[in-house]
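# how does the following fold in three dimensions:
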Amino acid sequence: MMEKTFKQLTELSRYLSGRREQLMKAWRMASEGDPQQTTVDSLTRTQFYDHIPQVLDVLEEELKSWPGGEREAAAKKREKREEIKHGLQRWQQGYRLSEVTREWGHLHLCLTGEVEAFAKHDPEIERETVAEAQCVLVKLINNAINESVSQYMLMEKETATGRARDLEHALAELAEVERQRGMLIREAVHDLGGSVQAVTTAATILSLPTLPEDRRSAVTGTIERGVKSLRMMLGELMSLARLEAGEERRKVETFDAAEVLGEFCAVSQTTAKEHGLWLEASGPRPMEVEGDSDKVHRIAQNLVQNALKYTKQGGVTVSWGLEGTDHWWLKVKDTGPGLLGGPGAPMLNGLKEATASARESDENAVQAGGEGLHVLPQVADAKALAARQRPGEGIGLAIVKRLCDLLDASLEVASSAQEGTTFRVLLPVRYETDSRAS
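Residues are numbered from 1 along each chain as shown. As a prediction, this is how the structure comes out:
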């Protein structure tokens, strides 16, 4: 009996392999028809399918593997890897957590329908075979939901940890400003020989004629830089808080992306020259798309500001273009030292892994005869970068990531000490449904 069931499961595996294209189409149609899944409308077929074909390969391998055998164990190990990659890429693509779980449910229903169709097609298929197949499906979908959701939540947790570190840094800067002010107070009191009874602010101290001019200038600069840094960081934290609280909505309208980005680059030339850098802009003109022009402007602004801030020689290139008929891209490339990775940079690590996962899906799609999305290529990095994150870097990336989520856009990154850093944002040309609009 066991051998007959095993033989029929092997036949089911071949049947599912032959029905792969129809199964994937049915899954996408079910997801597109789900009113609670809106992000799927902005994805290409390659992006949507992601690592699911590899998961189905594993399912077919499990069906024709003897229970408890080495082949089954190896298949389950590979299945877990693919499910983790899927969860990571869905995070990159801006999926909400509920969308991640619902699409697995749709895939389960599609697979169940195929198993039932297989059983009806061949009257000799035994009930035990169908029951065993459904058991394998339930285990696969349950494990897939657990792994995908766990990876998604891990990225949310790690990015929050990075923001907490940035806030700690801001508080440390504030403490340093207070320390400098305290030193001024002590020096002023000492110089005045006790004639000053109370000094309440650094501004009052700086106005005292007895304070040496060189000391006055140095401390003034320190306090001004500290206050400016704090103001910018706290402003970014407020912007991020509004995005995460869902207080910002997208305003979809037709606009000329080339005009918006070109004007931004023209205005930013002064800032680039102040840093001793060049700033170039290139791309087709005009380029009309749908979307929120203000948020596209903010994405470009954050990426360019970070690039100018950390690039010491050379400059920054901002480019844009169309990706097929359904998407367009924005790319910001610098000649800097590369973004710092390691345990202290969770957002960057997640984006690098997600980009690698998207690149793998892209390559698989091209090999299968489909269209690729020109995901950023991997760059070699012979020089190891320190395992830490620059102050404020995590907040800036988190804001860009949240804006991308809001615009149903994906964010890719490639960075090395030799070639600098490139960010690529892939956005929809149009929005068919707009549940995130104001």
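
# other SSEs contacting the one helix or strand Gly87 maps to?
Under the criterion DSSP states H and E, the helix or strand holding Gly87 is helix 70-92. Here helix 70-92 is seen to pack against helix 52-63, helix 97-121, helix 127-191, helix 346-367, strand 410-416 when contacts are counted using 3 or more CB pairs under 8 Å, 6 or more residues apart in numbering; DSSP states H and E. Glycine gets a C-beta too; all of them are placed from N, C-alpha and C.

# could you rerun that using 7 Å?
In terms of contacts (3 or more CB pairs under 7 Å, 6 or more residues apart in numbering; DSSP states H and E), helix 70-92 is packed against helix 52-63, helix 127-191, helix 346-367.

# what residues of it count as buried?
Neighbour-count burial for helix 70-92, with 16 or more other CB atoms under 10 Å as criterion, is recorded at 72, 75-76, 78-80, 82-92.

# next one: it to chain centre, how far?
With CA atoms, centre = their mean, to the nearest Å as the basis, helix 70-92 stands 20 Å off its chain's centre.

# residues making contact with it?
Residues outside helix 70-92 that contact it (CB atoms under 7 Å, 6 or more residues apart in numbering): 50-52, 54-55, 58, 61-62, 65-66, 100, 140, 143-144, 147-149, 151-152, 155, 353-354, 357-358, 361, 410-411.

# any quick ChimeraX command for the buried ones out of those residues?
In ChimeraX, the members of the contacts of helix 70-92 classed as buried (16+ other CB under 10 Å) are selected with the following command:
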select :50,51,52,54,55,58,61,62,65,100,140,144,147,148,149,151,152,155,353,354,357,358,361,410,411
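
# low-confidence ranges in the protein?
Per-residue confidence of the chain (counting by pLDDT under 70) places the weak regions at 1, 66, 69, 161-167, 169-213, 215-237, 240, 340-346, 380-394, 433-438.

# tell me which residue is most central in it.
In the chain, the C-alpha closest to the average C-alpha coordinate belongs to Gln92, at a distance of 3.8 Å (CA atoms, centre = their mean).

# grab the nearest non-local neighbour of Leu137.
Leu111 (5.4 Å; CB to CB, 6 or more residues apart in numbering).

# what's the separation between the one you found and Phe118?
Computed with CB to CB, to the nearest Å, the distance linking Leu111 and Phe118 is 11 Å.

# residue boundaries of the strands in the stretch 301-438 of the chain?
Residue ranges of the strands in the stretch 301-438 of the chain, as given by DSSP state E, counting those that start in this stretch, are 315-323, 327-334, 410-416, 420-428.

# would you turn those strands into JSON lines with distance to Val289?
Putting those into JSON lines (distance: least, CB to CB, whole Å) gives the following:
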{"stretch": "strand 315-323", "distance to Val289": "9"}
{"stretch": "strand 327-334", "distance to Val289": "5"}
{"stretch": "strand 410-416", "distance to Val289": "16"}
{"stretch": "strand 420-428", "distance to Val289": "7"}
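
# quick one: which of these is nearest Gly33?
Closest to Gly33 of those, according to CB to CB: strand 420-428, at 18.5 Å.

# what does that closest one contact?
Counting contacts by CB under 7 Å, 6+ apart, the residues outside strand 420-428 that touch it are 42, 291, 299, 303, 323, 326-336, 338-339, 373, 376, 404, 407-415.

# who does it pair up with?
Strands that pair with strand 420-428, judged by DSSP bridges, come out as strand 327-334 (antiparallel), strand 410-416 (antiparallel).
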